[in-house]
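**Q** prediction below, plus the sequence it came from.
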Amino acid sequence: MVNTLLDRMIAFGERHERLIAGIGWAWLGIASLSWIPQVPIPEVPYITDRNSWVLAGAWNFGWWGFVHPALGKRRKQLEAEAEQEREEDGRGADGNDPPA
């Protein structure tokens, strides 16, 4: 069950990896800028609150420190399993039958 969930997360993460990372970095940047009094940023809960940079930092720490590496390991494991299945079937690396 956990592997199925990870597989779905990998598929989602591969499709939206840049978007997830970009939102995290933008959130951290906006939250950090909200501390500068000369920058007129409107108050938005959880985005520009006084301590929102802590939440943004925790999000980036969790994504880059734990989730992203775990997804990468699982992705490599899935690729190795697919390669092993192709070898057992007698197919080449591209999934096609080898030339006769």
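**A** Noted; the coordinates are in hand. Numbering: from 1, shown residues only.
**Q** where does the protein have low pLDDT?
**A** Scanning the chain for pLDDT under 70 picks out 91-100.
**Q** so where does Val44 fall, helix or strand?
**A** Following DSSP states H and E, there is no helix or strand that holds Val44.
**Q** let me see the ranges of the helices in this protein.
**A** Using DSSP state H, the helices of the chain run over 2-33, 52-62, 68-89.
**Q** ranking the ones you listed by burial, who's on top?
**A** Ranked by mean neighbour count under mean count of other Cβ atoms under 10 Å, the helices of the chain are led by helix 52-62, which reaches a mean of 15. The way it works is simple: take the backbone N, C-alpha and C, and place the C-beta from them, glycine included.
**Q** relative to helix 68-89, how tilted is it?
**A** Angle of helix 52-62 versus helix 68-89, following axes from the mean of the first three to the mean of the last three Cα atoms, to 10 degrees, is 20 degrees.
**Q** before we move on, the earlier item: distance to Val39 added to the helices of the chain, as JSON lines?
**A** Shown next, in JSON lines, are those (distance: least, Cβ to Cβ, whole Å):
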{"stretch": "helix 2-33", "distance to Val39": "5"}
{"stretch": "helix 52-62", "distance to Val39": "13"}
{"stretch": "helix 68-89", "distance to Val39": "30"}
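**Q** which of the ones you listed sits closest to Tyr46?
**A** Of all those, helix 52-62 sits nearest to Tyr46, with 6.0 Å by Cβ to Cβ.
**Q** let me know the angle separating the closest one from helix 2-33.
**A** Using the same axes, to 10 degrees: helix 52-62 against helix 2-33 is 150 degrees.
**Q** so what touches helix 52-62?
**A** Residues from elsewhere that reach helix 52-62 (Cβ atoms under 8 Å, 6 or more residues apart in numbering): Gly24, Trp25, Trp27, Leu28, Ala31, Ser32, Ser34, Trp35, Tyr46.
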